[in-house]
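J.: From the sequence below, what's the structure:
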Amino acid sequence: MPDRRNNMINAIVDFFGRLLQFFYLLTKQVGIPNYGLAIIIFTFFVKLILFPLTKKQYTSMAKMQEIQPELRRIQQKYKNNPEKSQQEMLKLYQKHGVNPFAGCLPILIQLPILLALFKALKDFFDPVKHPDFVNIEKASFLWVPNLGSPDPIILPILVGLSTFAQQLVSMRMGAVGGTGDQTQRILLYFMPVFIGYISRSFPAGLALYWVMYSLFGIIEQILIKRKTVVVKEEAGKK
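T.: Residues are numbered from 1 along each chain as shown. Here you go, the predicted structure:
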């Protein structure tokens with residue numbers, strides 16, 4: 001059983017490595033061969049694939065925000081009857097077409113991608129272990145000499161800042177709890193610091209992926225929000 005699990009993990013890691021090589025070849029085709037650019041394109045590709053789920057997540061979380069007053073009213077009304085409270089909240093979710101767990105799916109999908117990339121990038125750009133098809137001379141990007149090795153300062157700072165920016169945009173646009181919520185304020189400041197700190201040990205390519213994923217996420221949320229507002233305005237005119 002462990003061998004089977006290891007074979008599956010190795011297959012996934014190999015798949016991500018070959019996918020990254022495919023995007024590298026695209027950069028080569030346009031005359032700017034670089035694995036850093038390949039990682040950015042790869043990140044955009046992942047975002048594109050996950051867009052339907054992200055849109056569903058955003059819509060569900062926005063609806064959750066809208067029904068928060070009703071949820072609090074139910075919790076207060078049935079505070080001595082948890083079972084009845086759960087039943088009434090379930091009815092409210094069904095009435096408004098809200099799935100309280102919809103926001104978890106993109107995160108659950110993202111985790112194996114991060115884990116596979118972490119393992120793939122360490123060997124992918126290793127001067128000794130890298131696959132034969134990898135052009136190790138193109139493993140540098142901007143100030144980073146090798147995308148398979150950690151960048152202890154600049155990229156972790158960018159990871160923290162981009163994570164903070166994405167969370168702030170989410171809160172202000174109503175995708176998650178508002179900035180006035182104490183729990184959200186704690187997460188707003190704690191998570192970027194924590195993620196930025198642990199990214200000091202990430203391969204630089206993975207930290208670059210995280211930065212670009214957050215930036216693309218900000219653009220994505222703005223586009224989804226704008227489209228949602230337009231739809232609501234058109235519905236209000238009818």
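J.: Return the set of buried residues in stretch 148-165.
T.: Neighbour counts over stretch 148-165 (16 or more other Cβ atoms under 10 Å) mark 148-151, 155-160, 162-164 as buried. Quick note: C-beta positions are derived from backbone N, CA and C, even for glycine.
J.: Name the spans of the protein whose pLDDT lies under the cut-off.
T.: 1-6, 8-9, 99-109, 173-185, 227-238 (pLDDT under 70).
J.: and Lys63, what is it in contact with?
T.: When contacts are counted by Cβ atoms under 8 Å, 6 or more residues apart in numbering, Lys63 touches His96, Gly97, Val98.
J.: What's the local residue count around the closest residue in space to Ile12 that isn't next to it in sequence?
T.: Setting aside the residues directly before and after it, Ile12 is nearest to Ala116 in space (Cβ to Cβ, 6 or more residues apart in numbering), at 5.0 Å. If you count neighbours by other Cβ atoms under 10 Å, Ala116 ends up with 18.
J.: circling back to that earlier point, out of the contacts of Lys63, the closest to Val46 would be?
T.: Among the contacts of Lys63, Val98 lies closest to Val46 (Cβ to Cβ), at 26.3 Å.
J.: which SS class is that closest one?
T.: With DSSP: H, G, I helix; E, B strand; the rest coil as the basis, Val98 sits in coil.
J.: tell me which element the closest residue in space to it that isn't next to it in sequence falls in.
T.: Leaving aside its chain neighbours, Val98 sits nearest to Lys63 (4.7 Å; criterion: Cβ to Cβ, 6+ apart). Following DSSP states H and E, one finds Lys63 within helix 35-66.
J.: how about that helix: buried residues?
T.: So, applying 16+ other Cβ under 10 Å, buried residues of helix 35-66: 35-43, 46-47, 50, 53-55, 57-64.
J.: from the middle of its chain, how far away would it be?
T.: 7 Å (Cα atoms, centre = their mean, to the nearest Å).
J.: going on from it, what's the next piece of helix or strand?
T.: Where DSSP H and E defines the elements, the next helix or strand beyond helix 35-66 is helix 68-77.
J.: Relative to the whole chain's centre, how far out is that following helix?
T.: In terms of Cα atoms, centre = their mean, the centre of helix 68-77 is set 31 Å apart from its chain centre.
J.: same deal with stretch 160-170?
T.: With Cα atoms, centre = their mean, you get 11 Å for stretch 160-170.
J.: Could you check the angle the host helix or strand of Phe22 makes with helix 35-66?
T.: Applying DSSP H and E as the criterion places Phe22 in helix 2-29. Interaxial angle, helix 2-29 versus helix 35-66 (axes from the mean of the first three to the mean of the last three Cα atoms, to 10 degrees): 110 degrees.
J.: Mind giving me the packing neighbours of helix 2-29?
T.: helix 35-66, helix 104-124 (3 or more Cβ pairs under 8 Å, 6 or more residues apart in numbering; DSSP states H and E).
J.: could those go into JSON lines alongside distance to Leu26?
T.: Formatted as JSON lines, the helices and strands packed on helix 2-29 follow (distance: least, Cβ to Cβ, whole Å):
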{"stretch": "helix 35-66", "distance to Leu26": "7"}
{"stretch": "helix 104-124", "distance to Leu26": "17"}
